[in-house]
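S.K.: 3D, please:
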Amino acid sequence: MVSLRKRAGVAFGVLILAASSGIVSLRAAEDKDLADWPAITEQEKSLQSVPQDPEADAVILRNTRDGRIILDGRYVVNVIDYHWRLKVLTDRGKRLANVHLQSQKAARVSQIEARTLKADGTVVPVPADQIFEKVVEKGHGYKVTEQVFNFPAVEPGVILEYRYRVHSNFLIYMQPWYFTGPEFTLLSRVSQAFPGEASYRVLCHGCPGPAPEPDRWEEGKLRGKRLTVERRDVPGFREEKWMPPDAAVRSRLELVLTKWAQHEWEELGGREGDLFINWDSVARFARYYYAKAYKVDTVAARKAAVGWSQGASDPLQKARAVFRHVQEDFKYVPYSQVLAQTRSIADILKTRSADNEEKAVLLVAALRSLDIPANLALVIGKDKGTLIGEFYSLSQFSHVIVALPQPDNSAIWLDPTVTYAPFGFLPWQDSGAGALYMTDTGSVMINLPQNNEFSATRYQVTVRPRPDGKSDLDVVAEFQGDDAIEMRQELSPASESARTAYLQGWLRDARPGAELKTSQIENLDAIDKPLRIKMSVEAPDLVTKAEAVLLVRGCVLECEDTNPISRGERSYPFYVDRGWNSQQTVTVVPPAGMKAAAMPKPAMLKSAIGSLAFSCSSQADGSVLCTRRFIGPRGRWPAGEQDGIRKMFDSILEVDRSSVAFQEEAAAAGGR
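M.R.: Down below sits the predicted model:
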């Protein structure tokens, strides 16, 4: 798809996958078997602990990626060999024995080998028939898979290792290499060899010292350069609550192609020399391929768009209808990459599936076919990280969205990858995110508008304690914003039985031990309205009896049972890119003959990350009304706020355990 046009001689191409439904098979010039396993040193065999991380459950002995770009006839392919070796130190380290190798767009995984090496030297290989291909997503015309296997004979002291090969058809940039792993790493190394005609710009984010320089590389008849970067004794990347995106904090290496000698860039008007010299050249490159798709199949696009918008009168109504169809009618293929590649509109319409780039291109094609102006924007999603200004690469973007320009120079922004987002609603990944906005004649880096609407979940719960200690609950849960989108993504495509099963699982997370008796969903398809779910529930552990006193918890759903903030020293800042607003109103109806005797203390708690308000009061009908509201705004805070945030959650634990006391009316009267 991406072409390198030689000024003289035979045409030369870099072949890139043109459909997400499969990989183009290439015969690599050096597709030979992998070499012998790298030797295991005596130090690796005898290692029993990590001085730099005494609490480590395992240690990554080596994690390497070695790539080489090989010419195969008229084509070019990057053959990449991966090797990972780990030693299990404790029983807890056995959790790392399960491996998932996810497929990538424009790449093919092969030659997977894995083995366990026991302390006595015994080698236990993973049989080939125990390496399974698991389907992650599947639809008409496409399949996203991962390779899954488990190491055998895993116990403290064993060494686990696997290796595999990837043939990548995409050479414009290399997938980022992260030096940090889930555990302390003794050696992390990445190398990339490329022909002498090619040049790559290097980003070594978080690496000590200046950007590395490539060395000469020779392999058989191939001549070129090889870039190698290694880091030793790298601390583990441990998950913490409200983590930053990987790209914001993890040390990584990236490469982006800058030029290929004696070749012109057709995408940039036949220019010879540097490929990406600024963000506008990135935009021109992407626009070239996107335009190919939406300009070639104009007849097919218009036919589809006319059908989707039938009955709509004005352009905005038509745009709403088209957007809804692109959202819901085409199965989303979950690749969070931007490669400036897409299948034809005709193929997308046929398969009824599309990745993030294809959804956006299809939407633009359909809108433009109805004479509705629409443009594309490459987005650095909030879950991706922040822009590195002078590293001009498509790799910095996570997805593509669409803008409808308005007369007042504003725009209506549409993200068709988020299936149940209302028209013009910016999901949290897009809200305030950086974007490269592209028109037919130019481009500009912008920040998307900040969506100030909180995602909100509101619960209205009526609690009726029973003599057996359980409680009957009537629950009305209302979701809006991103919370509604998330729930609709689970419920809308599911069958009735699957919806019930999902709600049961969700309920047990929100109130452990609770059993769903009945449920009713409202506004499931009315995505411009809040999603409402009514449930009747049986719940244990809300009521405690003590002689003539009945204690009923004032917090029922999504209460804090443990402090989510560790006591250990935090390594990373707090990132809250998706704000939330959770409000719970609980009405406790006492059993006959009982009345409220004592209320829990009200609470007003606050830290950098959010605030909680809680109070209970008696009502005229004898019931008690408790309200709990937690608000967490979008924001980022340094790790130094850990103590204050943990202290707030310690107090929330006490609040969520507090109870309303009821006693028999006769006893209450006698006490006056």
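
S.K.: and the pLDDT at the residue nearest the centre of the chain?
M.R.: The residue lying closest to the centre of the chain (C-alpha atoms, centre = their mean) is Asp383, at 6.5 Å. We have a pLDDT of 85 for Asp383.

S.K.: that one contacts Ser398, doesn't it?
M.R.: Yes. Using C-beta atoms under 8 Å, Asp383 makes contact with Ser398 at a distance of 7.0 Å. Backbone N, C-alpha and C define where each C-beta goes, glycine included.

S.K.: what touches both of these two?
M.R.: Each of 336, 429 lies in contact with both Asp383 and Ser398 under the rule C-beta atoms under 8 Å, 6 or more residues apart in numbering.

S.K.: all strands for the stretch 301-450 of the chain, in order.
M.R.: Listed in chain order, the strands of the stretch 301-450 of the chain (DSSP state E, counting those that start in this stretch) span 331-332, 353-354, 375-380, 399-405, 411-414, 434-438, 443-447.

S.K.: what's the most buried one of the ones you listed?
M.R.: With neighbours taken as mean count of other C-beta atoms under 10 Å, those reach their highest mean count in strand 353-354, at a mean of 28.

S.K.: who does it pair up with?
M.R.: Looking at strand 353-354 with DSSP bridges, its partner strands are strand 331-332 (parallel).

S.K.: so for the partner strand, mean pLDDT?
M.R.: Rounded mean pLDDT across strand 331-332 is 89.

S.K.: re the thing from before, ok, now how distant is the residue nearest to the centre of the chain from Ala248?
M.R.: Distance, Asp383 to Ala248, by C-beta to C-beta, to the nearest Å: 10 Å.

S.K.: for Ala526, same thing?
M.R.: 37 Å.

S.K.: more crowded one of those two?
M.R.: Ranked by neighbour count (other C-beta atoms under 10 Å), Ala526 and Ala248 place Ala248 first, with 16 against 11.

S.K.: in what helix or strand does the more buried one lie?
M.R.: In the assignment (DSSP states H and E), Ala248 maps to helix 246-249.

S.K.: turn the strands of the stretch 301-450 of the chain into JSON lines, columns for distance to Glu547.
M.R.: Output for those, formatted as JSON lines (distance: least, C-beta to C-beta, whole Å):
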{"stretch": "strand 331-332", "distance to Glu547": "58"}
{"stretch": "strand 353-354", "distance to Glu547": "64"}
{"stretch": "strand 375-380", "distance to Glu547": "61"}
{"stretch": "strand 399-405", "distance to Glu547": "61"}
{"stretch": "strand 411-414", "distance to Glu547": "61"}
{"stretch": "strand 434-438", "distance to Glu547": "63"}
{"stretch": "strand 443-447", "distance to Glu547": "62"}
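
S.K.: of all these, which lies closest to Leu557?
M.R.: Shortest distance between Leu557 and the strands of the stretch 301-450 of the chain, using C-beta to C-beta, is found for strand 331-332: 29.9 Å.

S.K.: from the chain's centroid, how far away is that closest one?
M.R.: Here the centre of strand 331-332 is set off from its chain's centre by 16 Å, with C-alpha atoms, centre = their mean, to the nearest Å.

S.K.: what segments of the stretch 301-450 of the chain are helices?
M.R.: 315-329, 345-351, 356-369 (DSSP state H, counting those that start in this stretch).

S.K.: same question, the chain
M.R.: Applying DSSP state H to the chain gives helices spanning 42-46, 246-249, 279-296, 298-308, 315-329, 345-351, 356-369, 482-491, 496-510, 642-657, 665-670.
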